[in-house]
Every structure is written in C-alpha cells, then in structure tokens.
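[1] Can you look at this prediction? I've put the sequence above it.
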Amino acid sequence: MVIFMKVWKQGLAIFIAVMMAVNFGACTSQEDNGSNSPSDIVLEFSCWETGVARETLETTIRQFEDKNPGITVHINFLPADYLVKMTAMSVSDSLPDLGYFVEYATLQWAQNDKFLDLSDLFQKEPLKNKLDMIRFIDSDGKTIAAGIANEVALLFYNKTLFDEAGVSYPPASVENAWTWDQLVQTARILTKDRNENNANSPDFDPKRIATYGINLPKNNLIYETLMWSNGGGIVDYKTEEILFDSPETIEVLKAIQDLIHTHHVAPTPVMQGTMPVMSAALASGSMAMTIDMQHNITFLDEAAKTEGLNYGIGVLPIFKEAVSVNSGSPLVIFKSTKHPEEAKKLFTYLMNPSNVLPLLNNGLWMPNEEEWYTNESYIEQWVKEEVHGSEYRTAVIDYTISGSVKQNPFYYYPYQLHLLGAVGPAIDEIYLNTATPATAAQKGAENLKEAIEYIHSPDFQG
C-alpha cells in the first residue's frame, strides 16, 4: 500500500508537470463580461459548477461587480479533473485569485502554503457567525478555507412503496431515530423479488430481487458515519489511534455485510453498478430507501415533477448514538493573488447565503451560517416545502444543529484520503463478502499502521 501510494504520487507529479503545465490554457473555459477599463482590477475565479449552479454563480458574480465598480471577475468553469488542473496551474504559476478547491486536498495544499490565512475574516462580521463545522482549520489553528455551502447525510425513501407495504415512514426527528435493527426489519418488508415475495417470505428468491429495501453506497460518508454511531471508526483523527479493528467497528462491518449478504435487502457492489442514479432508482421502485447526502434533493424534486416520485426524508439509523456527517465544497483565496483585499471582498460576498438563494431553494445547497437554521425569517427564505418536503424542518434543519452532525475529518485532518485508501481493500471485502469482518478489520488495521508511518516519514510527499 505504501509503495503504491508513493509511486502513484510521483507518477502524478511527473504527469502534471510535464504534460499539463504548458497546455493548461486549452483546459479552461473563461467567461468575460466585456471590455474592461484599464483601471479595473481583474480577479480570476475558478469552480467546477454546471447547470443551474453555474448560472447562479455567474449571476451572483455579476451582481458583485455591479456593487464593486473597478473590480472585474473572470470565471473559469472546470467541471472535470479539477485538482489536476489546479496542480498544473500551480506548476505554471497561473493559479486564480480565489475559487473552489477539492475537500480532501485542501489541508495538504495549506501545508504547502498555497492559501491565504482567512482567520481575520471569521473573527468579525459578516462571517463571524458561520457554522463552525464549515471551517477548514490547519495545524496552526488558522482558517484557510470554508464551505461555500453545507450539507448532511440523510435517509431518503419512496413514500409510495411504504404505503403499499403498510409500514410507517422512517423517523424525521433525531429523538425518534430508528435503531439499526428497526432499519433491517423495515428493509426486509420492503425488499421484494420478482414474484412480489418480500424478504420475510419463505418463498423469497434473493437471486431475483425487483426492489431492494435499502441501498448503502460504498462511500465513507456512509459506512464511516455508521461506525461513529457505534463508537468505532477508521481512526481517531485527532490522535491517529487506529479504531478499525475495534469491536465497535467490527460490529458495524458485520451489520453492513449481513445487510447485503444475509438479509439480501441491499444490493451488492455488482448490482449497485447496474442501478440508475439514486433519484431514478427511487422513482422506478428498484429501491425503497437509500442513505446519501442532502444535495440529492434537487434531483429528487426533478424526479417528483417528471416521474411522480413521492419521496420523504428521515434521519439516519443509530447503533449507540445518533450521528450524521457534514460536507461542503471549500472556497479558498490563493496566496499568490496580487489582489488579496479585493479577493476577500468576493469571498465574503459568495459566502453570504442571501446571494446564492436559488441554490438553497432548489435543494442543492444548505446554508453555511447558523442563523439560517435558527431564525424563522431566514428559514422561510430558503426552505420551500414543495421542494424540500414536509419533513425537512426536523429531519434536516433541526438535525443539523442538534449536535448529532459530526464534522467531516477533511476539515481538520490532512491525510484522510490516504487512510481511506488503506482500508479500501478491507471495505471491498465486506461489501463483496470475501472475508469475515474480523479478518478484514485486522488487514485494514495493518494497512492503516503502515499508512500512518508513511505519512510521518521523510519519504512522504503529500
């Protein structure tokens, strides 16, 4: 594992430096709003948005220009290979002034002194009251980035399938969250083979499943969050103590494996690969529930309008305690900017939820500021029941500020991707049923030990 990571990183660096740096101009799509006055300060802004998010950002930035005469913003939309392109720009000394960055790489780039220290901005209005969970904090305690939006992990479901099966909807409040056993029992009722037998029937055929009761994507935002709920995890990201081979983690690994291969209520990785995107799978009835992130609401709303999907939102099931996780794309100012004060003005403007309301209204984003979860006048501005659903107030807003949402480690730990890579083979074995949870956990813990030693070795290149 260690050798692989080292070789891979060296190969990537050579590829970027030699093949991309001189040709980067062909990879970007620059937007210009017309001729500029010679006295204008020009800011370069990069992001990966497409569709309505792209349109909203363009409109927001043009509004910023109107309010700040003398500042012109060029927008580079880079929807693919974003980190590769950012690295190429760094090699060729052509980084933008500010823009999005990739979550898992943000703190590593901060270690290489690529970002401006934004701590002063978050110590005063208007950024003072941002959610603590959206701030990226480096090893020196400096705020070097912040989520332009926020989101949390949730349980989504097809209400029609629940109604047809005569079972109650998943709880929409953390106080009433299902236990894992309750999730499994409900999923067994909702899972049906092609002859309409559910997973409780003696005639159930697990090789001919038409509807899965639950989908559990192989994503650390899901399986690691479940581990946290049981008091386990991959590591303690504050101390790097390995938790992957703890009894608490092994119990969750077994629960996931049993869900797929004993209860047959969740698709195998092979079957997951044949299924449509989440909104289409719920709409078609090929799955009844799934755990995923909040941004899917915009796609579920579209499926409701075009395919008649009647969907609902619930909180995650619990093992020992209620836990969800947050995520969000960081906004950074590059240290190489020649216009730090103007870049801070644009950064502050983009961080204001009022300036990106269409992306909150359509369910793609959640606000990054506490008052937008506690003040009714703000909540009314962004939550639209026809889009977000009747459960949203408790299942999402209250959930987010309940203390149950754990900050994603990439906000404060630079090497999360390396550790996820170390346990990746063990997670594969659980989902594929090729090893017992105890054996997979032991192998994963050994890989973690090697990865952590490598991270702190002189050979590590970040």
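    Alright, I've got the coordinates.

[2] What are the boundaries of the helices in the stretch 101-250 of the chain?
    For the stretch 101-250 of the chain, the helices defined by DSSP state H, counting those that start in this stretch cover 106-111, 159-165, 180-190, 220-229, 247-261.

[3] any weak-confidence spans in this protein?
    Where the chain drops to pLDDT under 70, the residues are 1-39, 462.

[4] Counting neighbours, what do you get for residue 456?
    Residue 456 sits with 10 neighbouring residues when counted by other Cβ atoms under 10 Å. Where you see a C-beta, it was placed from the backbone N, CA and C, and this is true even at glycine.

[5] do residue 206 as well
    13.

[6] My guess is it contacts residue 197. True?
    No: judged on Cβ atoms under 8 Å, residue 206 makes no contact with residue 197 at a distance of 10.2 Å.

[7] Distance check, the residue most central in space within the chain against residue 91.
    The residue lying closest to the centre of the chain (Cα atoms, centre = their mean) is residue 327, at 4.3 Å. Applying Cβ to Cβ, to the nearest Å, the value for residue 327 to residue 91 is 28 Å.

[8] residues making contact with stretch 248-262?
    180, 184, 187, 214, 216, 223, 226-227, 229-234, 243, 265-268, 319, 430-431, 433, 437-438, 440-441 (Cβ atoms under 8 Å, 6 or more residues apart in numbering).

[9] how about a cut-off of 7 Å?
    Stretch 248-262 has contacts (Cβ atoms under 7 Å, 6 or more residues apart in numbering) with 180, 184, 214, 216, 223, 226-227, 230-233, 243, 265-266, 268, 319, 430-431, 433, 437-438, 440-441.

[10] before we move on, what about stretch 298-312?
    156-160, 169, 279-280, 282-283, 362-364, 387, 389, 391.

[11] do that again at 8 Å, thanks
    52, 156-160, 162, 169-170, 172, 277-280, 282-284, 362-364, 387, 389, 391.

[12] Check which residues of that stretch are buried.
    Buried residues in stretch 298-312, counted by 16 or more other Cβ atoms under 10 Å: 298, 299, 300, 301, 302, 303, 304, 309, 310, 311, 312.

[13] Remind me which helix or strand the first one belongs to.
    Using DSSP states H and E, residue 298 maps to helix 297-307.

[14] and the next element down the chain from that helix?
    strand 311-314.

[15] Give me the sheet partners of that next one and which way each runs.
    According to DSSP bridges, strand 311-314 forms sheet pairs with strand 151-158 (antiparallel).

[16] Need the buried ones from the contacts of stretch 298-312 selected in ChimeraX.
    Here is the ChimeraX command that picks out the buried ones among those, judged by 16+ other Cβ under 10 Å:
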select :156,157,158,160,162,170,172,278,279,280,282,283,362,363,364,387,389,391
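
[17] wait, doesn't residue 272 sit right on residue 217?
    Yes: counting by Cβ under 8 Å, residue 217 is a contact partner of residue 272 at 6.9 Å.

[18] quick one on the thing from earlier: CA-only coordinates of the helix holding residue 298, as CSV, when you get a sec.
    Provided in CSV are the C-alpha atoms of helix 297-307 (Å, rounded to 0.1, in the frame of the first residue of the first chain):
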residue,chain,number,x,y,z
ILE,A,297,-32.9,16.8,-3.0
THR,A,298,-32.6,18.9,-6.2
PHE,A,299,-32.6,15.6,-8.2
LEU,A,300,-35.4,14.1,-6.2
ASP,A,301,-37.5,17.2,-6.8
GLU,A,302,-36.9,16.8,-10.5
ALA,A,303,-38.0,13.2,-10.4
ALA,A,304,-41.1,14.2,-8.4
LYS,A,305,-42.1,16.6,-11.2
THR,A,306,-41.2,14.4,-14.1
GLU,A,307,-41.8,10.9,-12.8
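
[19] Can you check what angle separates that helix from strand 151-158?
    With axes from the mean of the first three to the mean of the last three Cα atoms, to 10 degrees applied, the angle from helix 297-307 to strand 151-158 works out at 20 degrees.

[20] Centre of the chain to helix 297-307, how far?
    20 Å (Cα atoms, centre = their mean, to the nearest Å).

[21] Count the neighbours of residue 139 for me.
    11.

[22] quick one, strands of the stretch 51-200 of the chain?
    With DSSP state E, counting those that start in this stretch as the criterion, the stretch 51-200 of the chain has strands at 71-77, 98-100, 135-137, 143-147, 151-158, 192-193.

[23] Not counting its own residues, what contacts the shortest one?
    In other words, strand 192-193. Counting by Cβ under 8 Å, 6+ apart, 198, 199, 204, 205, 206, 208, 209, 210, 211 sit against strand 192-193.
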